[in-house]
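> Okay, sequence plus prediction incoming.
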Amino acid sequence: MTLLSISHVTRRFAGLTALEDVSFDVEPDEVVGLIGPNGAGKSTLINLITGITPPSSGDIRLRGESLLGVKPHLIARKGIGRTFQHIHLFDELSVLENVMVGFDSRMTAGYAATVLGLRSVWREEAQVREKAMEILGRVDEKLLAQCSALARELPYADKRRLEIARALATGPSLLLLDEPAAGMAPQEIGALADDLRRLNREGMAVIVIEHKMRLIEGVTDKVIVLDHGRKIFEGSFDLVKRNPDVIEAYLGRNYADVAVAQAS
Ligand SMILES: Nc1ncnc2c1ncn2[C@@H]1O[C@H](COP(=O)(O)OP(=O)(O)OP(=O)(O)O)[C@@H](O)[C@H]1O
C-alpha cells in the first residue's frame, strides 16, 4: 500500500501561490528527494504534510487516511517524523536528553522548560533513556559515545545527526528531512548518506529536501522537482540531471554541486 499520497495540493499565502496542484506518491521503502530553487515551495510542502499549515486545496493521505485537519502532534504519532531547515536542538540539554524530549511528540519550548526543571523525574524513566540510547546507536555509535555531552558542544554535522536521532524517537515510518546536509563537508555528507541508507534498509521511507546534489544522487530512489510551486519533473536522479527543464530551472545554477554527477 502507498505510504503517502499527495493529491493536487495547492497552498496560497495572500496573493502568493507557494504550491500549485502538486501530486506524487511515496512508497514505504522509498527515499524521495525534493529539490528546486529557493522559494520553490519545498519547505511549505513539508509543513503541509506535518500539519503545521493546511493546504488551500487538495488532499494528503497516509496509508489511505486523510491527514487534513489532523493536529501536528497527532500526525507525528501516526508515524511522520521531521527535522527542520534550521537546527532546533535544546543546546543546554545533553545529547541523550535531546532524544528523550523527542519521545513526546507534542514537544514545545514549554515542554522543554518542564523537562529542564524536572530532570529528576527521568530517573524513573529508565525505559525512555534506554530507548533513546538505542536510537543514538542506530544513527551513529559516535553520537552514542557522546550521549552525556551538551548538544551545544557537538560539531555542526553531529548536531544535524542528533536532530535525525530525535526525529526517530516517535518511531516514524516516514522521515522528512529539510536540508540535512546544509553546511556539511563532502566527507560528512558521505556519512549522512550512509545513515540514511541504513535507516531506509531498516524499513523507513524518507523525503529529503536538499540543495547538495551529492546527497540526492547518493540516496534517492526518485526525485520530485519543484519550481515556482509547480512539480516540473519526477524521476530517478539519472533522468532528472539530464532533463532540460530541470537544468534550466535549477541544476544549471548549481553546476559545481552536480559536476560529479554529470561527469558519471
Ligand atoms: N507563512 C508564509 N507566509 C507567506 N508566504 C510564505 C509563507 N511560507 C512560505 N511562503 C512563501 O512561499 C514560497 C515558497 O517558500 P518555501 O519556503 O516553501 O520555499 P523553499 O523551496 O523551501 O525555499 P528554500 O530552498 O529557500 O528553503 C516563498 O515565496 C515564500 O516566501
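Structure received.

> Excluding chain neighbours, what is closest to the residue nearest to the spatial centre of the chain?
Closest to where the C-alpha atoms of the chain average out (Cα atoms, centre = their mean) is residue 177, at 1.3 Å. Distances taken as Cβ to Cβ, 6 or more residues apart in numbering put residue 208 closest to residue 177, at 4.5 Å, once the chain neighbours are dropped. In this view, the C-beta of every residue, glycine as well, is placed from N, C-alpha and C.

> How many residues are close by the one you found?
Residues lying near residue 208 (other Cβ atoms under 10 Å) number 25.

> Could you pull up the residues touching it?
Contacts for residue 208 were tallied using Cβ atoms under 8 Å, 6 or more residues apart in numbering; they are 31, 32, 33, 34, 176, 177, 180, 196, 215, 216, 219, 220.

> Now for residue 27: which residues touch it?
Residue 27 sits next to 2, 3, 205 when contact means Cβ under 8 Å, 6+ apart.

> among these, who's most crowded?
residue 205 leads the contacts of residue 27 on contacts (other Cβ under 10 Å) with 23 neighbours.

> For that residue, name its beta-bridge partners.
Counting by DSSP bridges, residue 205 is bridged to residue 174.

> how about it, what does it touch?
3, 4, 26, 27, 28, 29, 30, 31, 32, 173, 174, 175.

> How about the second one: what's its closest non-neighbour residue?
Read that as residue 4. Nearest one to residue 4, counting by Cβ to Cβ, 6+ apart, is residue 26 at 4.1 Å.

> and the one you found, what does it touch?
Applying Cβ under 8 Å, 6+ apart, the residues near residue 26 are 2, 3, 4, 5, 32, 174, 205, 207.

> repeat for residue 235
Contacts for residue 235 were tallied using Cβ under 8 Å, 6+ apart; they are 222, 223, 243.

> gap between it and residue 247?
14 Å (Cβ to Cβ, to the nearest Å).

> List the buried residues in stretch 46-55.
Buried residues in stretch 46-55, counted by 16 or more other Cβ atoms under 10 Å: 46, 47, 48, 49, 50, 51, 53, 55.

> So for that stretch, mean pLDDT?
For stretch 46-55, the mean pLDDT works out to 95.

> Up against the ligand, what does the chain have?
Proximity of the chain to the ligand, by Cβ under 6 Å from any ligand atom, involves residues 13, 16, 18, 36, 38, 39, 40, 41, 42, 43, 44, 85.

> now, which of the contacts of residue 208 lie within strands?
31, 32, 33, 34, 176, 177 (DSSP state E).

> now those residues in CSV, with pLDDT?
As requested, those are exported to CSV (pLDDT from 0 to 100):
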residue, pLDDT
31, 97
32, 98
33, 97
34, 97
176, 97
177, 96
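
> Go through those residues and name the one nearest residue 9.
Minimum distance to residue 9 across the ones in strands among the contacts of residue 208 is 12.8 Å, recorded for residue 34 (Cβ to Cβ).

> who does that closest one bridge with?
Going by DSSP bridges, residue 34 forms beta bridges with residue 209, residue 224.

> Which secondary structure state is assigned to residue 238?
Secondary structure, DSSP: H, G, I helix; E, B strand; the rest coil: residue 238 is helix.

> do the same with residue 192
helix.

> What segments of the stretch 1-150 of the chain are strands?
For the stretch 1-150 of the chain, applying DSSP state E, counting those that start in this stretch gives strands covering 4-13, 16-26, 31-35, 57-62, 65-66, 80-82.

> hang on, isn't residue 94 packed against residue 154?
No. Contact criterion Cβ atoms under 8 Å: residue 94 and residue 154 do not qualify, at 10.3 Å.

> which one of the two has more residues nearby?
When residue 94 and residue 154 are compared for neighbours, residue 154 comes out ahead with 20 against 17, by other Cβ under 10 Å.
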